[in-house]
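Trainee: what would the 3D arrangement of this be:
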Amino acid sequence: MQRLVLSCFTLVAFCAFAEEQAASLVLHNARIHTVNDEQPWAQALAIDGDGRIMAVGSDAEVEEYADERTEFVDLKGRLVLPGFQDTHAHVLDASSEAQADCPLQADESLKQWLDTIGECSDSASGEWLLGSGFALHTLLQSGQSPRALLDQIAPDRPVAIMEETSHAYWLNSEALRLAGFEQAQDDPEGGVILRDAQGRPSGVVLDNAGDLVMDKALPPSKALQETYYQAVLAGQEELARNGITSVADARVFWRRGHLQAWKRAADADQLLARTSLGLWAYPQLEDDDQLEALADLYDAGREDSLLRVNQIKLYVDGIVHNTTARLREPYQSSLPGVDPRGLYYFTPARLQRYARELTAVGFDLHIHTIGDQAVRDALDAIEQADKGRHRLTHVELVDRADIARFRQFGVIADFQPSPYFTPSFLKDNQPLIGQRTYRMLPMRELYDSGAHVTLSSDWDVNPLSPLGILQNALSLGPRSLPSLEAAVRAYTLDAAYTLRQEQDTGSLEPGKQADLVVLDRDIFKLPVNQISQAKVLWTLLGGEETYRGSSF
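Mentor: Sure thing, here's the model as predicted:
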């Protein structure tokens, strides 16, 4: 015992645990990046029987916490990181079979899509034929009527195909009729119905108009509830396989049954990641009723719970690609029927009301903002709201006058630096927004301003792998984060801050949960363009194994 007490003076340790019990598990002969500024690197760590870290240090120091019952794992010099924390993923939707009747590939031709849809129509058995993956501009540039193309395949059955970004839908006439769009004179809140030269719906709808179609196509049912539950379970396996130990599901359709599926999995102790749910704010609902309903769903969770219902997902605008992101200055070219500056899901006045009333309940805000006007409107709303861990996600265009406001109001900037933001892809946006293209994703500018910056995937718009995101975050030239250390912190400790759990997770230090990941190679010693090639070997959540690779 004297040996243990003395070691507390030479090793950062949780002494109360050391005096009461020996370690249950010791990881040694490792290269541990702790994301703890006071002790950034270590060789070993000890985990107690409750899944918390007892000690971090050298092999010899940590061995002091072991006895004959302690399990030792020799990591043979492999890299250990805190478990990744993805602050923006669509876990249920990405894993769900609900819209999986007909998957398309965005880089295929229109003819290939139609051939695939025809095959799907012959084999799928549901009332609706649902699919995803087409590329909007390929469809529109064909010059053919989108609805007529689908009507030739399925004249009597509703068909709805989601675009690759989820911000547009391709519909046939029956789907348009059932959605109430065939005779609609006005666009729905937060959406656009594209029209042909005669003013008839063309068969393409944008943004929230597509969500309204899905409300018709996927009404709550026992069968769908089971589908959503199985999607939550499948998503857990993917999270663990990618070294993710905490996640925010970024759009929970609580009126469709998503929330019940998450709660069922949590009640059955089937979650493999600490989870914060972002309840979707429906633009089309009456405000008084929706605000009351959302307030009733707030649940901060028990201290030991893996599930919390403590975030609200609000969209301000759409996306640049569809010319629906809300800009301060007009697009150079926009889709016919779309406001030249983009659209609003929630007008500034509504956004401010939701921010005030829902933060008073305790919710943190997770706000989709892509255009620079949308960013300004969201910052204005947060300025009037109760303080919290509020974040703007995507943040693709930011007026320079608004950069300092992130730090001023404590707003987190959440980025998904996919390959589409590398210089070779950015030029595709130039016909739409001109030179503004080259200021997209001002990640480094916000980082240097002192704002909290996080990295996330937006799975399944992008691949889930944090390693790919880390590589991309360092591959954007002057917009890149300054170092791999900064990028890892954005995916771990700063993400934990966003999720209100930085006192418990996000770094590897005594007293915190043993949420960690072991990689097959040291990404700090790899060229940047090889970081994504590293593989997750082992994932622990609270000291319990959630994933083990076949080669480990």
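
Trainee: for the longest helix anywhere in the chain, C-alpha coordinates in CSV please.
Mentor: Longest helix in the chain, counting residues (DSSP state H): helix 222-241. Taking Å, rounded to 0.1, in the frame of the first residue of the first chain, the C-alpha atoms of helix 222-241 are listed here in CSV:
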residue,chain,number,x,y,z
LYS,A,222,-45.3,-1.9,-36.1
ALA,A,223,-43.3,-3.1,-39.0
LEU,A,224,-41.5,0.2,-39.4
GLN,A,225,-40.9,0.4,-35.7
GLU,A,226,-39.1,-2.9,-35.9
THR,A,227,-37.2,-1.7,-38.9
TYR,A,228,-36.0,1.4,-37.0
TYR,A,229,-35.0,-0.7,-34.0
GLN,A,230,-33.0,-3.0,-36.1
ALA,A,231,-31.4,0.0,-37.7
VAL,A,232,-30.3,1.4,-34.3
LEU,A,233,-28.7,-2.0,-33.5
ALA,A,234,-26.9,-2.2,-36.8
GLY,A,235,-25.7,1.3,-36.3
GLN,A,236,-24.1,0.4,-33.0
GLU,A,237,-21.9,-2.2,-34.7
GLU,A,238,-20.7,0.3,-37.3
LEU,A,239,-19.9,2.9,-34.6
ALA,A,240,-17.8,0.5,-32.6
ARG,A,241,-16.1,-0.8,-35.7
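
Trainee: show me what that helix is packed against.
Mentor: helix 91-95, helix 258-267, strand 536-541, strand 544-548 (3 or more Cβ pairs under 8 Å, 6 or more residues apart in numbering; DSSP states H and E). For glycine as for every other residue, the C-beta is placed from the backbone atoms N, C-alpha and C.

Trainee: go through those and name the closest to Gln198.
Mentor: When the helices and strands packed on helix 222-241 are compared by Cβ to Cβ, helix 91-95 sits nearest Gln198, at 35.0 Å.

Trainee: packing partners of the closest one?
Mentor: So helix 91-95, by 3+ Cβ pairs under 8 Å, 6+ apart, packs with helix 222-241, strand 244-252, helix 258-267.

Trainee: again, only using 10 Å
Mentor: Applying 3 or more Cβ pairs under 10 Å, 6 or more residues apart in numbering; DSSP states H and E, one finds that helix 91-95 makes contact with helix 222-241, strand 244-252, helix 258-267, strand 274-280.

Trainee: quick one: low-confidence residue ranges for this protein.
Mentor: 1-20 (pLDDT under 70).

Trainee: start to end distance for stretch 401-421?
Mentor: One end of stretch 401-421 sits 22 Å from the other (Cα to Cα, to the nearest Å).

Trainee: how about stretch 543-552?
Mentor: Stretch 543-552: ends 17 Å apart by Cα to Cα.

Trainee: related to what we said a few turns ago, output the helices and strands packed on helix 91-95 in TSV, with distance to Ile193 and mean neighbour count appended to each entry.
Mentor: Shown next, in TSV, are the helices and strands packed on helix 91-95 (distance: least, Cβ to Cβ, whole Å; neighbours: other Cβ atoms under 10 Å):
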stretch	distance to Ile193	mean neighbour count
helix 222-241	26	19
strand 244-252	22	28
helix 258-267	26	19
strand 274-280	21	25
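
Trainee: between those, which one is nearest to Ser449?
Mentor: Proximity to Ser449 (Cβ to Cβ) singles out strand 244-252 among the helices and strands packed on helix 91-95, at 23.3 Å.

Trainee: partner strands of the closest one, with direction?
Mentor: If you go by DSSP bridges, strand 244-252 pairs up with strand 84-89 (parallel), strand 274-280 (parallel).

Trainee: show me what counts as buried in the following helix or strand past the longest one.
Mentor: Going down the chain from strand 274-280, the next helix or strand is helix 287-297, by DSSP states H and E. Buried residues in helix 287-297, counting neighbours by 16 or more other Cβ atoms under 10 Å, are found at Gln290, Leu291, Leu294, Leu297.

Trainee: output helix 287-297 in PDB, but only the C-alpha positions, please.
Mentor: What follows is helix 287-297, C-alpha atoms only, in PDB (Å, rounded to 0.1, in the frame of the first residue of the first chain):
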ATOM      1  CA  ASP A 287     -45.200  26.400 -33.400                       C
ATOM      2  CA  ASP A 288     -47.200  26.400 -30.100                       C
ATOM      3  CA  ASP A 289     -48.000  22.700 -30.400                       C
ATOM      4  CA  GLN A 290     -44.500  21.600 -31.500                       C
ATOM      5  CA  LEU A 291     -42.700  23.600 -28.900                       C
ATOM      6  CA  GLU A 292     -44.800  22.000 -26.200                       C
ATOM      7  CA  ALA A 293     -44.300  18.500 -27.600                       C
ATOM      8  CA  LEU A 294     -40.500  19.000 -27.800                       C
ATOM      9  CA  ALA A 295     -40.300  20.300 -24.300                       C
ATOM     10  CA  ASP A 296     -42.100  17.200 -23.000                       C
ATOM     11  CA  LEU A 297     -39.500  15.000 -24.700                       C
END
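
Trainee: and the next element down the chain from it?
Mentor: That would be, after helix 287-297 and using DSSP H and E, strand 307-315.

Trainee: what is that next one packed up against?
Mentor: strand 244-252, helix 258-267, strand 274-280, helix 287-297, helix 348-361, strand 364-369, helix 372-384, strand 391-394.

Trainee: picking up where we left off before, for the buried residues of helix 287-297, which one is nearest Leu104?
Mentor: Closest to Leu104 out of the buried residues of helix 287-297 is Gln290 (33.3 Å), distances taken as Cβ to Cβ.

Trainee: chain neighbours aside, what residue packs nearest to the residue positioned nearest the centre of the chain?
Mentor: In the chain, the residue lying closest to the centroid (Cα atoms, centre = their mean) is His88, at 1.8 Å. Distances taken as Cβ to Cβ, 6 or more residues apart in numbering place Ser456 nearest to His88, at 3.7 Å, with adjacent residues excluded.

Trainee: how about the contacts made by the one you found?
Mentor: Ser456 sits next to 84-89, 247-248, 250, 391, 393-394, 414-417, 462, 466, 469, 490-491, 495, 498 when contact means Cβ atoms under 10 Å, 6 or more residues apart in numbering.
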